[in-house]
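Undergrad: Need coordinates for the following:
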Amino acid sequence: MEIRPIDFCDEEAYRSFLASFKNDDNPFVAPETTREVTDFKAFVENSRAQETQTTNPDYSTVTKYYAFVNGTIAARIACRWQLEKGNLATIGGHIGYQTAPAFRRQGIMTKLLNFALEEYGKRGISPVLITAREDNVASRKTIENAGGVLENIIDLEDGHRLARYWIRLEK
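TA: Here you go, the predicted model:
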């Protein structure tokens, strides 16, 4: 498995990744996962720019890493570096992730999450907040297996409940 940001040569793999969610009945798929990309070059350039600057003062800088398995994108993880931005400290957390349907339950997200936590450690960011809907058992197990400690469960405006976990990194 190769973990890295998206690049210009990944257009076909990225489009296949997006397409894999089209008929997915998983209720936890993030809206951005299914948002069509019309200009891939601009998408990659924007992804790179978001690592150091934002277009909105409420947005955090973010690095998105992709897990490639034999040239196919199996999963994506977004590392948001500034928890104080927008509603990240309450709802969004530092990390958001998505696994393609064909790659679920194979330990890929566990590896990708551990990679991301190493990146937070390199930046001296600890603890790391990760959230998951209360009813998303798979995501919650992934977080708990990475050392996540449940702080609380909060009610969301849409009627769902959100589990909030903290992971303390070794120094």
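Undergrad: need the strands for the chain, in chain order.
TA: 2-4, 62-69, 72-80, 95-99, 128-133, 149-155, 161-167 (DSSP state E).
Undergrad: measure residue 89 to residue 142 for me?
TA: Between residue 89 and residue 142 the computed distance is 21 Å (CB to CB, to the nearest Å). C-beta: built from backbone N, CA, C; applies to glycine.
Undergrad: Quick check on these two: which one has the bigger neighbour count.
TA: Taking residue 89 and residue 142 together and counting by other CB atoms under 10 Å, residue 142 has the greater number of neighbours (20 against 14).
Undergrad: Quick check: closest non-adjacent residue to the more buried one.
TA: residue 109 (5.3 Å; CB to CB, 6 or more residues apart in numbering).
Undergrad: can I get the CA coordinates of stretch 142-154 in CSV?
TA: Taking Å, rounded to 0.1, in the frame of the first residue of the first chain, the C-alpha atoms of stretch 142-154 are listed here in CSV:
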residue,chain,number,x,y,z
THR,A,142,-11.2,2.0,14.0
ILE,A,143,-10.8,5.1,16.2
GLU,A,144,-10.8,3.0,19.4
ASN,A,145,-8.2,0.6,18.0
ALA,A,146,-6.0,3.6,17.3
GLY,A,147,-6.2,4.6,20.9
GLY,A,148,-9.2,6.9,20.8
VAL,A,149,-10.8,7.6,24.2
LEU,A,150,-14.4,8.6,24.1
GLU,A,151,-14.9,12.1,25.6
ASN,A,152,-18.7,12.4,25.0
ILE,A,153,-21.6,11.9,22.6
ILE,A,154,-23.3,15.1,21.4
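Undergrad: Only the buried residues of the lengthiest helix in the chain, if you could.
TA: Ranked by residue count, the top helix of the chain under DSSP state H comes out as helix 108-122. Going by neighbour count (16 or more other CB atoms under 10 Å), the buried part of helix 108-122 is 108-109, 112-113, 115-117, 119-120.
Undergrad: Just list the residues touching the residue nearest to residue 142, thanks.
TA: Residues near residue 109 by CB atoms under 8 Å, 6 or more residues apart in numbering: 67, 75, 77, 97, 99, 142.
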